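A.B. asks: Build the 3D model from these lines:
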Amino acid sequence: MNAAGRLRTNQFDSNITSTIPSRYARMIPGIPAVPLARSAPKTQPVPERPGPTEGSRKPDPTQVLTKLLIPHPIAEPVSLYQSVITDLLVIGIACGVQTRLVPAWSMPESRLPIFAVLVTLFAFSEGVYRAATPDLLPQGIIPGLVRSVAFASLLVFLDGAHSLIAIPVTMAISLASLLLVRQVSQFAWARHKKEDEVRRVLIVGAGPGARAIARGLHADKLQRSVVRGFLDEDPKSHPGVLGRISDMDWVARAEFIDEIILALPGQYAETRAAAEIALRNHLDIRAVPDLPPGPWPDADVQYLGGVPLLTLHREPVPSGALFVKRLLDVTTAAVAIGLVGPLMALVALLIRLDSPGPIVYAAERTGAKGRNFHCYKFRSMVTNADHLKADLLAQNQREGPIFKIVGDPRITRVGRFIRRYSLDELPQLWNVLRGDMSLVGPRPHPVDDVKRYELHHYRRLDVKPGITGLWQITARNSPSFDLNMHLDLTYIENWSLRLDLRILFGTIRVLFAPEGA
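C.D. replies: Numbers count the residues shown, from 1 in each chain. Below you'll find the model as predicted:
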């Protein structure tokens, strides 16, 4: 390696080391490994043989037919459904408003569904949905959208029974609406890219191949991954080693690891042990294959830093249900803000008249994957409440790291009223719209309380915190932190949209029978 290459390597290694704690307190007792369903097959030497050339490879009839029917690649299903449904709604709303305001320059309302469907079908064939993600710049799909809207407009207005000016007006309004929504989506996507959306990777092994993979992930921005460190049986082999393979349980939990990469070619016992621990912790697994050198043109192999990687396991993710959950969050929060806006204005006025200080209090809380954010609440305490907390710690009536006392002297007169009916939580609807929180989930804890967590408590940070949750509707006044944690983990492990709806309806019942906050 030349001097420039060594310099880049050292800089990368120092960056990795600077982001990794030097040591951890081992707080999780050891758990016996769960055996895999079947033993790993013994590897047999694979003889080298030349791969087929492009000229000798016969075309697959299925692939040929697929290319004829779908000339452009499409996005993964959930993103595709989101984009198509959004386009249908945008066209329906924009053209519906047009028919109401300027009916002479519009198509009949009965043709709106046909027009919207035609636009999306043409957009599909034009490759507009080949990457249904806000990362795609709107300028890159403008030609396809223009052709799609033009073809659909010509078909709808084919009978010539309408004013000629209706065609360009409909095209302009439809195209402008579609591009505007995409531009807003791209802006929101770029604005809200956060650390919890980045995949955190732990590499098992610290040899040259493992470090090459780490450099490859660091250099490839499309991977959207960050290497949190390495595991190796020799902890001193590399400055970024966090522990041994047997330490994966607590390292994975402390670093919120999403995926491990097994970079131990030839070390079958160690690789198997690491895979068992990773499966037990529900982590994605990729591995460096122990293959002889040679061309493998048909193998589904990805290269990082020149090192081949095979995907061995992917944790199932309910993408469709999570999309519906987010859609429910945004829709409900937006409607709720509109409905309770006058009430929020009244609460703000009462707070202003009751005591000096800001109306809304931005409290720092710990959210998903340990990321801190500002949680908004109506101020219900005196302005120096945080400084007074240290003097009241001896009176804490909650067990564990959470602080709360009955008759807290820091609470104002209006604060007692709005806390009793949970009105102080209403500004958190804005946190839901921003994506920091969800309507339903574990309550976000203050940063100081999270610092006193034991390591197994960090499991509750795997999901977004919520305005309400299972604990709020079942054991709201219980002082037990263990019960709080048990209910939060029960929600995480049994999450479903149906459970979210049950908790939301249960929250409404609790609000009409106030028990204090």
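
A.B. asks: for the chain, what's the longest helix?
C.D. replies: The longest helix of the chain (DSSP state H) is helix 319-354.

A.B. asks: Quick check: V226 is in a helix.
C.D. replies: No: for V226, which was evaluated using DSSP: H, G, I helix; E, B strand; the rest coil, the result is strand, with no helix membership.

A.B. asks: Look up how far D232 lies from it.
C.D. replies: Spatial separation of V226 from D232 under the definition Cβ to Cβ, to the nearest Å is 19 Å. Backbone N, C-alpha and C define where each C-beta goes, glycine included.

A.B. asks: what about the strands in the stretch 201-350 of the chain?
C.D. replies: When assigned using DSSP state E, counting those that start in this stretch, the strands of the stretch 201-350 of the chain occupy the ranges 225-231, 241-243, 259-262, 284-287, 302-304, 307-313.

A.B. asks: per-stretch mean pLDDT over those, give me the minimum one.
C.D. replies: Set side by side, the strands of the stretch 201-350 of the chain show their lowest mean pLDDT on strand 302-304, which sits at a mean of 76.

A.B. asks: Against which helices or strands is it packed?
C.D. replies: Contacts of strand 302-304 with other secondary structure elements, assessed using 3 or more Cβ pairs under 8 Å, 6 or more residues apart in numbering; DSSP states H and E, are made with helix 208-219, strand 307-313.

A.B. asks: Export those as a markdown table, with columns for distance to D249.
C.D. replies: Listed next are these as a markdown table, based on distance: least, Cβ to Cβ, whole Å:
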| stretch | distance to D249 |
| --- | --- |
| helix 208-219 | 20 |
| strand 307-313 | 17 |
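
A.B. asks: Go through those and name the closest to V169.
C.D. replies: Closest of these to V169 is helix 208-219, at 49.1 Å (criterion: Cβ to Cβ).

A.B. asks: Keeping just the C-alphas, turn that closest one into CSV.
C.D. replies: Only the C-alpha atoms of helix 208-219 are listed here, as CSV (Å, rounded to 0.1, in the frame of the first residue of the first chain):
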residue,chain,number,x,y,z
PRO,A,208,-7.1,-7.1,6.9
GLY,A,209,-10.4,-8.3,5.2
ALA,A,210,-12.5,-7.0,8.0
ARG,A,211,-10.8,-3.6,7.9
ALA,A,212,-11.2,-3.5,4.1
ILE,A,213,-14.9,-4.1,4.5
ALA,A,214,-15.1,-1.2,7.1
ARG,A,215,-13.3,1.1,4.7
GLY,A,216,-15.6,0.0,1.9
LEU,A,217,-18.7,0.8,4.0
HIS,A,218,-17.3,4.1,5.0
ALA,A,219,-16.6,5.1,1.4
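
A.B. asks: Which strands or helices does that helix pack on?
C.D. replies: helix 3-18, strand 199-204, strand 225-231, strand 302-304, strand 307-313.

A.B. asks: mind listing what W471 touches?
C.D. replies: For W471, the contacting residues are P442, R443, L483, N484, L487, D488, taking Cβ atoms under 8 Å, 6 or more residues apart in numbering as the criterion.

A.B. asks: That one: which element?
C.D. replies: helix 470-474 (DSSP states H and E).

A.B. asks: Next, the angle helix 319-354 makes with the helix or strand hosting I85.
C.D. replies: Applying DSSP H and E as the criterion places I85 in helix 77-101. With axes from the mean of the first three to the mean of the last three Cα atoms, to 10 degrees defining the directions, helix 77-101 sits at 60 degrees from helix 319-354.
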